[in-house]
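S.K.: Here is the input, now give the coordinates:
(chains A and B)
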Amino acid sequence: MNVIKVVLKELTERKNQLVTSLVAIIMGIAVIVAIRSMTYYSEKAIALEMDALGANVLILPKGVTVDDYYRADLSDETMPEVYIDNILTSGLKGVDNMSPKLSMMAAVSGRETIVTGIRPKQEFLAKPAWEMAGSIFETPIGCAVPAAGSSSKTPGAVDRRTPIEALPTDGVLLGSDVAARLGLAQGATLTVNGESFQVAGVLPVSGTVDDGRVFAHLDAVQRLSGQPGRVNAIEMMGCCQEISKDLIAGLNRLLPDAKVVTIKQVVSAQQRTNATMRNFGLVFLIIIVLVGGASIANYMFANVFERRREVGILIALGAGSGLIQRIFLLKALILGLVGGVFGYLGGTALAMILGPQLAGITVSPRAEWLLYSVIISVGLSLAASVIPVYRAVKLDPFVTLQEV
Amino acid sequence: MIHVEHLTREFTLGREVVRALDGATLEIQRGEYVTVTGPSGSGKSTLLMSLGGLLHPTSGRVLFDGVDIYRQSPRLLAQFRMKTIGFVFQQFHLVPYLTAWENVALPLMLNGNDRTQHRQIAVDSLKRLDLGSRLNHKPSQLSVGQQQRVAMARTLANDPSVILADEPTGSLDPNLTADLLSLLKDLNSGGKTIVLVTHSHEVASVGGRRISLCDGKILEAIGPN
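M.R.: Residues are numbered from 1 along each chain as shown, chains lettered A, B, ... in the order given. Coordinates of the predicted model:
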């Protein structure tokens, strides 16, 4: 005989009560896990959508002003393209993608037009809007959110990315206005400063200065402008949390001859959205903890009341208050452990089923939340049991043993 | 052995203060068999629980071998109940979800006895009381007489020197009453001190000394029968 055996016997004696109280705990923890799982993956999905807003950091030559963001890369000042390698090898955290640019005014089929040199793949990632629709993206895009910066490709995305990723040094992409003005379509030929290029595609309307530009391979523009290895802007997608920390300061330290500018609206939108999601999850957590705690406390109060005569017997047999405390706290511990494990399993299953249906997100089990579930469940059970246990210890054995 | 001095115990019921014991003074010698009688509400059970360390007095003292038991720490008072006192209740108060042998083993567990021996000691006790075939039965599966014997085995598990019996025959038929009184007599003959509370004058007559209570006061202490 030992205390654990006595407690287990008592718990299994009234299975209906045990099941009822366990279901209450399991449901509480399951709801916590399900909501947390869905908010976690929602946060990730929203973070990806926020990334889709595009670049949020601009690196420019030191003397360039940024009165007009969209024209900031049209200055005469340039900087080395090798800055990108410097950043990549620096170990700075939070750099999702970098897109170097070199712009020049050139005669495009006899008309003065801005020609911007890009590294096709990086430019594609920095401008998700280019992916969404348009004449060169013939495969329907569906409802999926583009995972900017991700190396994984959906089957539909392969076709859309191919023209930009594979843009040859003798190919160009036309902004929608330029294409209309010159009357050119995919496959046509044009000249830039007398050199022949083939139109690889026409970009969708973006509502920005991009519509009036011709995009060529960076190598070609560097060659045409006589500035090999030079760029006049690097657009960067930085992870917003890292921007809040030390990404910008790190870039300033790394590139003292460059100007690092954040696009505050984009960054603050990302930060606000993430904070909203975190607060949303926290509010649910607090509500569930309160409701779950009240449920457990209610069970423990009822249990102490029902077991008051046994408490009286134990005291008459010589049990001290410490043993009475241990018995009830052990009960709470067992309920918490079982509730935590099964609550985690139930909550994860619930989130995996409801996540895709309600929020359009895919939820995967997260093993570390099993630990959190058990900690929350046990902590909640023990905390909710403090007052009932105190009452058990304070029971008057004379009164409880006199009751018929 | 037990010396009760001016023991008073009051209970508050709503706004009313009820004095269950009113300055009771009493001396019980080692090995005595004392019966306590009196009408309902006269303070019999209050006196018994006070003697057993279960009810702190409002005033007065309970001395056991010269030690005021209620001046001890809660831990020592619990040890006093565990090692010295054995309670017998009218309702038996067996733990419903434990089997017969587990009920008997409870005091052994509390006393910190070797865990591996709990079952053997409990089984031996129950076999002595002719309950060898009911070891794994729960209280609800036992007859009233069997429940009383399990309760007695539990009371005796830690070999207490004092047995405090609160209306122990109240739920028993005449045969079972006779068996229980016989068992108590044997225990008394073996040196244990018995204090038995009862309504019944017949049951009270088996003791060596009889105390009568009324309105919390000891009216008379009648000498050996």
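S.K.: Whatever helix or strand A:Asn303 lives in near chain B anywhere?
M.R.: Here A:Asn303, judged by DSSP states H and E, is contained in helix A:264-306. No: counting by CB under 8 Å from any CB of the partner chain, chain B has no neighbours in helix A:264-306; the shortest distance is 10.7 Å. (Glycine included, C-beta is placed from N, CA and C.)
S.K.: Give the rounded mean pLDDT of that helix.
M.R.: Per-region confidence: helix A:264-306 scores 74 on mean pLDDT.
S.K.: after that helix, next one along is what?
M.R.: Following helix A:264-306 in sequence, per DSSP H and E, is helix A:308-316.
S.K.: can you tell me which residues contact the closest residue to A:Arg36 other than its chain neighbours?
M.R.: Nearest non-adjacent residue to A:Arg36, counting by CB to CB, 6 or more residues apart in numbering or on different chains: A:Gly281, 5.9 Å away. Counting by CB atoms under 8 Å, 6 or more residues apart in numbering or on different chains, A:Gly281 makes contact with A:Ile35, A:Arg36, A:Thr39, A:Tyr40, A:Glu43.
S.K.: where in the chain is pLDDT low?
M.R.: Picked chain A for this. Confidence mapping of chain A against pLDDT under 70 gives the ranges A:46-47, A:49-55, A:66-73, A:121-166, A:240-245, A:264-271, A:273-274, A:277, A:403-404.
S.K.: sorry, should have said chain B
M.R.: Where chain B drops to pLDDT under 70, the residues are B:220-225.
S.K.: In space, what's closest to the closest residue to chain B within chain A - neighbours in sequence excluded?
M.R.: Proximity of chain A to chain B (CB to the nearest CB) peaks at A:Gly318, 2.3 Å away. Spatial nearest neighbour of A:Gly318, excluding adjacent residues (CB to CB, 6+ apart): B:Met82 at 2.3 Å.
S.K.: Make sure A:Met104 is actually in contact with A:Arg223.
M.R.: No: in this structure A:Met104 lies outside contact range of A:Arg223 using CB atoms under 8 Å: 10.9 Å.
S.K.: neighbour count winner among these two?
M.R.: A:Met104 (21 against 15; other CB atoms under 10 Å in any protein chain shown).
S.K.: ok, for the more buried one, nearest residue in space, not its chain neighbours?
M.R.: Counting by CB to CB, 6+ apart, the nearest residue to A:Met104 once its immediate chain neighbours are dropped is A:Ser225, at 4.5 Å.
S.K.: phi, psi of the spatially most central residue of chain B?
M.R.: For chain B, the residue sitting closest to the mean C-alpha position, by CA atoms, centre = their mean, is B:Leu164 at 2.2 Å. Backbone geometry at B:Leu164, expressed as degrees, to the nearest 10, gives phi -110, psi 110.
S.K.: So it versus chain A, what's the distance?
M.R.: Using CB to the nearest CB, to the nearest Å, B:Leu164 is found at 9 Å from chain A.
S.K.: ok, now B:Val162?
M.R.: 13 Å.
S.K.: list the contacts for that residue?
M.R.: Shown in contact with B:Val162 (CB under 8 Å, 6+ apart): B:Met1, B:Ile2, B:Leu51, B:Gly52, B:Thr84, B:Ile85, B:Gly86, B:Lys192, B:Thr193, B:Ile194, B:Val195.
S.K.: ok, and the most crowded of the residues you listed?
M.R.: Among these, B:Gly86 has the most neighbours (other CB under 10 Å), with 27 neighbours.
S.K.: Just to be sure, that residue is in a strand?
M.R.: Yes: according to DSSP: H, G, I helix; E, B strand; the rest coil, B:Gly86 belongs to a strand.
S.K.: list the contacts for it?
M.R.: So B:Gly86 contacts B:Thr155, B:Leu156, B:Asn158, B:Pro160, B:Val162, B:Ile163, B:Leu164 (CB under 8 Å, 6+ apart).
S.K.: my guess is the second one meets B:Asp124, correct?
M.R.: If I follow you right, that is B:Leu156. No: counting by CB under 8 Å, B:Leu156 stays clear of B:Asp124, with 11.3 Å between them.
S.K.: The two - which one has more neighbours?
M.R.: Using other CB under 10 Å as the criterion, B:Leu156 and B:Asp124 rank with B:Leu156 on top: 20 against 14.
S.K.: Identify the bridge partners of B:Ile194.
M.R.: Applying DSSP bridges to B:Ile194 gives these bridge partners: B:Tyr33, B:Ile163.
S.K.: how close does it get to B:Leu180?
M.R.: From B:Ile194 across to B:Leu180, the span is 11 Å (CB to CB, to the nearest Å).
S.K.: list the contacts for A:Arg278?
M.R.: Neighbour list for A:Arg278: A:Thr39, A:Glu43 [criterion: CB under 8 Å, 6+ apart].
S.K.: Check A:Thr39 too.
M.R.: A:Met277, A:Arg278, A:Phe280, A:Gly281, A:Phe284.
S.K.: And for A:Leu335?
M.R.: Contacts for A:Leu335 (CB under 8 Å, 6+ apart) come out as A:Leu11, A:Ser21, A:Leu22, A:Ile25, A:Ile296, A:Tyr299, A:Ser381.
S.K.: Please repeat the previous calculation with a cut-off of 10 Å.
M.R.: Taking CB atoms under 10 Å, 6 or more residues apart in numbering or on different chains, we find A:Leu335 in contact with A:11, A:18, A:21-22, A:24-26, A:296, A:299-300, A:303, A:377-378, A:380-382, A:384-385.
S.K.: got the residue ranges for the strands in the chain?
M.R.: Answering for chain A, as no chain was given. A:57-61, A:79-80, A:95-108, A:111-118, A:171-174, A:189-192, A:195-202, A:213-217, A:230-231, A:233-238, A:258-262 (DSSP state E).
S.K.: That was the other one, I meant chain B.
M.R.: Secondary structure of chain B (DSSP E): strands at B:2-13, B:16-28, B:33-37, B:59-64, B:67-68, B:85-89, B:162-166, B:193-197, B:209-214, B:217-222.
S.K.: joint contacts of B:Leu156 and B:Asp124?
M.R.: B:Val104.
S.K.: Pull the number of nearby residues for A:Asp257.
M.R.: Other residues within reach of A:Asp257 by the criterion other CB under 10 Å amount to 10.
S.K.: And B:Ala122, by the same measure?
M.R.: 26.
S.K.: For it, give me its contacts.
M.R.: Residues near B:Ala122 by CB under 10 Å, 6+ apart: A:1, B:99-108, B:135, B:150, B:153-154, B:157.
S.K.: Look up which residues are beta-bridged to A:Glu235.
M.R.: If you apply DSSP bridges, the partners that A:Glu235 bridges to are A:Leu58, A:Ser99.
S.K.: Would you confirm that it contacts A:Lys101?
M.R.: Yes: the pair A:Glu235 / A:Lys101 is scored as a contact, 6.9 Å apart, by CB atoms under 10 Å.
S.K.: Now chain B against chain A: closest residue?
M.R.: Residue nearest to chain A within chain B: B:Met82 (2.3 Å; CB to the nearest CB).
S.K.: Verify the contact between that residue and B:Thr155 for me.
M.R.: No: taking CB under 10 Å as the definition, B:Met82 is not a contact partner of B:Thr155, at 11.9 Å.
S.K.: Using PDB, write out every CA atom in the top helix by length along chain B.
M.R.: Looking across chain B with DSSP state H, the single longest helix is helix B:174-189. Taking C-alpha atoms only, helix B:174-189 is exported to PDB below (Å, rounded to 0.1, in the frame of the first residue of the first chain):
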ATOM      1  CA  PRO B 174     -27.700  -8.800  19.400                       C
ATOM      2  CA  ASN B 175     -25.400 -11.600  18.200                       C
ATOM      3  CA  LEU B 176     -22.900  -9.200  16.600                       C
ATOM      4  CA  THR B 177     -23.100  -6.900  19.600                       C
ATOM      5  CA  ALA B 178     -22.200  -9.900  21.900                       C
ATOM      6  CA  ASP B 179     -19.300 -10.800  19.600                       C
ATOM      7  CA  LEU B 180     -18.000  -7.200  19.600                       C
ATOM      8  CA  LEU B 181     -18.300  -6.800  23.400                       C
ATOM      9  CA  SER B 182     -16.500 -10.100  23.800                       C
ATOM     10  CA  LEU B 183     -13.700  -9.000  21.600                       C
ATOM     11  CA  LEU B 184     -13.400  -5.700  23.500                       C
ATOM     12  CA  LYS B 185     -13.400  -7.600  26.800                       C
ATOM     13  CA  ASP B 186     -10.600  -9.800  25.500                       C
ATOM     14  CA  LEU B 187      -8.600  -6.800  24.300                       C
ATOM     15  CA  ASN B 188      -9.100  -5.200  27.800                       C
ATOM     16  CA  SER B 189      -7.900  -8.500  29.400                       C
END
